[in-house]
Structure formats: structure tokens, C-alpha cells
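Asker: Would you be able to build a 3D model of this:
(2 chains)
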Amino acid sequence: EDKVVQSPLSLVVHEGDTVTLNCSYEVTNFRSLLWYKQEKKAPTFLFMLTSSGIEKKSGRLSSILDKKELFSILNITATQTGDSAIYLCAVVDRGSTLGRLYFGRGTQLTVWP
Amino acid sequence: EPEVTQTPSHQVTQMGQEVILRCVPISNHLYFYWYRQILGQKVEFLVSFYNNEISEKSEIFDDQFSVERPDGSNFTLKIRSTKLEDSAMYFCAGHGQGQKLFFGSGTQLSVL
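Answerer: Residues are numbered from 1 along each chain as shown, chains lettered A, B, ... in the order given. This is a model prediction of the structure:
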């Protein structure tokens, strides 16, 4: 049973478009939600969210968490071809060790020039 | 930025053989993990390691798997008798006191 569900599974856009990636989760005792970008191999860290309603921002990327509705979104504005990657959402349960992440299946984003 | 280093990047082995995957974590990290990703599937937790012992493991991490940190720097994952279904990308990861998990570049294991 999936604890983390991401949508859409894949997305194709043109450079300059804005995209919104979704992540819903279900864990017994939520600690945090993390977003990673996976290009060829290792997932690279984007954001960690622990509090509802506080937007995290890094350049053209931003993310927000809704702990009441149990979801998070990742926004990318003015997309570039270098944004093409798999975007992974993961959650941490307070009952587990800090780095024990439950991952979703990811959203494959393709940005065409 | 410091990196988690994994070797080899690609390992091919015959079914039934033992493999050891190696990782050099970031020097000030205290908590270490192994994850795997079967092609086309999600990243899955295998095991966490702290203070020279396993702190948590998943149901995937059965008796065929073991981990150790023999010399205080390298962190290894051993699979005693590989099966076809062990073919996957294996990621080492670690963190310090914070939760930001750093992943290595992975070892692609192919079991023939």
C-alpha cells in the first residue's frame, strides 16, 4: 500500500511553461515531507517541509505543504530544458529514523525547447 | 558541496555470487542508509545504521543482506547470494543531526 502518491506520473511541457506537481501522503505520525530531483542517478535535495502554509522557495521552484489535507505541491515557473527530470516526493514518519523516507513513484517531467 | 561516494558505479555478477557495494559517506555524517531502486519502480528503503549498529530495516533486508562500517569511513552493503531480482540501483545516503539526506550517485547492480 502506497504511503505517498504523486501525480501526474508524467508531464510534457514547453520551455517557459509553469508546472505544478502533486504529492499526497498518508503516514501515522507525520514528521516531514521532502522533494528531490532525480536526473540520471542520485536524487538531489530540493526542499524539506514540516509546517503547513509556509512556502519554501528556491529560484523558480517553490513548494508548500497542507498538513490538514495531507498533500504538497511543487511549482516550477518558467521551465527550462534543464528541469527535465523525475521529481520525487518522500515523507518521514515520527515513528521511524530520520532518514527513513517513504518515496512516491515520482513525476517524470519533460521540458521541450 | 561534499559528496557521498559510491563504488563501483556498475557491477555485473552471476546469480548466487556475493557482492559488496561500497560507500564513503560525508565525514561529519552520523546516520547511514541504503536504498534501492528497481528499474521503473520507486526508491525503497533497505536499512539504516547508526552508532555501528542497524537501527531499522525493511522487509526487503533479509538474511542475505548485511551492512558494516569496518574502518569508520567506508560503509558497505553485502549481498551473500545474489538473485535475479536483486538487480537494481543501490543508493547509499547519510545525514548529520539534521534531516537533509544526501544520496550517493549509486551502484547499478546487474545479476545475470
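
Asker: In the chain, what residue spans correspond to strands?
Answerer: Went with chain A since none was named. A:4-7, A:10-14, A:19-25, A:30-38, A:43-49, A:56-58, A:61-66, A:71-76, A:85-93, A:101-103, A:107-112 (DSSP state E).

Asker: meant chain B actually
Answerer: Going by DSSP E, chain B shows strands at B:5-7, B:10-13, B:19-24, B:31-37, B:44-50, B:53-57, B:65-68, B:75-79, B:88-95, B:102-103, B:107-111.

Asker: Take those strands and lay them out in TSV including mean pLDDT, mean neighbour count and distance to A:Ser32.
Answerer: From N, CA and C alone the C-beta is placed, and that goes for glycine too. Below are the strands of chain B laid out as TSV (pLDDT from 0 to 100; neighbours: other Cβ atoms under 10 Å in any protein chain shown; distance: least, Cβ to Cβ, whole Å):
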stretch	mean pLDDT	mean neighbour count	distance to A:Ser32
strand B:5-7	92	17	25
strand B:10-13	96	14	33
strand B:19-24	95	19	24
strand B:31-37	95	24	15
strand B:44-50	95	21	15
strand B:53-57	94	15	16
strand B:65-68	96	17	24
strand B:75-79	96	20	23
strand B:88-95	95	23	12
strand B:102-103	92	22	16
strand B:107-111	97	18	27
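
Asker: Residues of chain B that sit close to chain A?
Answerer: B:4, B:31, B:33, B:35, B:41-45, B:48, B:50, B:55-56, B:89, B:91, B:93-95, B:99-106 (Cβ under 8 Å from any Cβ of the partner chain).

Asker: circling back to that earlier point, mind putting the strands of chain A into a markdown table with mean neighbour count?
Answerer: Shown next, in a markdown table, are these (neighbours: other Cβ atoms under 10 Å in any protein chain shown):
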| stretch | mean neighbour count |
| --- | --- |
| strand A:4-7 | 18 |
| strand A:10-14 | 14 |
| strand A:19-25 | 19 |
| strand A:30-38 | 20 |
| strand A:43-49 | 20 |
| strand A:56-58 | 13 |
| strand A:61-66 | 19 |
| strand A:71-76 | 20 |
| strand A:85-93 | 23 |
| strand A:101-103 | 24 |
| strand A:107-112 | 17 |
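
Asker: how about TSV for those, with distance to B:His10 added?
Answerer: Shown next, in TSV, are the strands of chain A (distance: least, Cβ to Cβ, whole Å):
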stretch	distance to B:His10
strand A:4-7	28
strand A:10-14	26
strand A:19-25	30
strand A:30-38	18
strand A:43-49	18
strand A:56-58	32
strand A:61-66	31
strand A:71-76	31
strand A:85-93	20
strand A:101-103	23
strand A:107-112	23
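
Asker: Turn those strands into TSV, columns for mean pLDDT.
Answerer: Below are those laid out as TSV (pLDDT from 0 to 100):
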stretch	mean pLDDT
strand A:4-7	96
strand A:10-14	97
strand A:19-25	98
strand A:30-38	94
strand A:43-49	94
strand A:56-58	96
strand A:61-66	97
strand A:71-76	97
strand A:85-93	95
strand A:101-103	94
strand A:107-112	98
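
Asker: mind giving me TSV with these and columns for distance to chain B?
Answerer: What follows is these, written out as TSV (distance: least, Cβ to the nearest Cβ, whole Å):
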stretch	distance to chain B
strand A:4-7	8
strand A:10-14	12
strand A:19-25	12
strand A:30-38	6
strand A:43-49	5
strand A:56-58	13
strand A:61-66	14
strand A:71-76	15
strand A:85-93	7
strand A:101-103	4
strand A:107-112	11
